[in-house]
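>>> Quick check, what structure comes out for this input:
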Amino acid sequence: MPYVCPVCGYPDLEEPPYRKGSGGSDEICPSCGIHFGYHDARGEDDVARQAVYTRLRQAWIAGGMKWHDKDGPPPNWLPTSQLKNVKER
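Residues are numbered from 1 along each chain as shown. Below you'll find the model as predicted:
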């Protein structure tokens, strides 16, 4: 079951980015490059984590929404469409 990146909306993460009580998944989003459990480490503070996601999203957008992974984006990748997957709280 794929999961959505809370920063850029990439829809094919292999694990949930964060699980209460377990922390971050340690996965790196191939689209925006967030390293879950590292860049968003805020303990159990969901509000602080959401603020990090918002800040990282704004920086990714301001930087031109570049694909992070060295293997390149999937065919027909549209970052503006992908952002619609983000659910802000």
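>>> For this structure, which element, helix or strand, carries the lowest mean pLDDT?
Using mean pLDDT, DSSP states H and E, the weakest-scoring helix or strand in the chain turns out to be strand 23-24, at a mean of 81.
>>> Check which residues of the lengthiest helix in the chain are buried.
Across the chain, the longest stretch assigned as helix under DSSP state H is helix 46-62. By neighbour count with 16 or more other C-beta atoms under 10 Å, helix 46-62 contains the buried residues 49, 52, 53, 56, 57, 60. In this view, the C-beta of every residue, glycine as well, is placed from N, C-alpha and C.
>>> same question, stretch 31-49
31, 32, 33, 34, 36, 37, 39, 40, 42, 49.
>>> Out of those residues, which two are the most distant from each other?
Spanning the widest gap among the buried residues of stretch 31-49 are 31 and 42, at 21.3 Å by C-beta to C-beta.
>>> which regions of this structure lie under the pLDDT threshold?
88-89 (pLDDT under 70).
>>> Now with 90, please.
1-2, 18-26, 37-49, 87-89 (pLDDT under 90).
>>> What's the end-to-end length of stretch 31-45?
The first residue of stretch 31-45 is 25 Å away from its last residue (C-alpha to C-alpha, to the nearest Å).
>>> Need the contact partners of it.
Residues outside stretch 31-45 that contact it (C-beta atoms under 8 Å, 6 or more residues apart in numbering) are 5, 7-10, 15, 17-18, 20-21, 23-29, 48-49, 52-53, 56-57, 60, 67-69, 73, 79, 82.
>>> quick one: contacts for residue 83?
Residues near residue 83 by C-beta under 8 Å, 6+ apart: 8, 9, 57, 61, 65.
>>> Distance check, it against residue 6.
Per C-beta to C-beta, to the nearest Å, residue 83 is found 11 Å from residue 6.
>>> could I have stretch 82-89 exported to PDB, CA atoms only?
Written as PDB, here are the backbone C-alpha positions of stretch 82-89 (Å, rounded to 0.1, in the frame of the first residue of the first chain):
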ATOM      1  CA  GLN A  82       1.500  15.900  -7.100                       C
ATOM      2  CA  LEU A  83       1.200  18.700  -4.600                       C
ATOM      3  CA  LYS A  84      -2.600  18.300  -4.700                       C
ATOM      4  CA  ASN A  85      -2.100  15.000  -2.700                       C
ATOM      5  CA  VAL A  86      -0.900  17.000   0.300                       C
ATOM      6  CA  LYS A  87      -3.400  17.200   3.100                       C
ATOM      7  CA  GLU A  88      -2.700  20.200   5.300                       C
ATOM      8  CA  ARG A  89      -4.000  20.100   8.900                       C
END
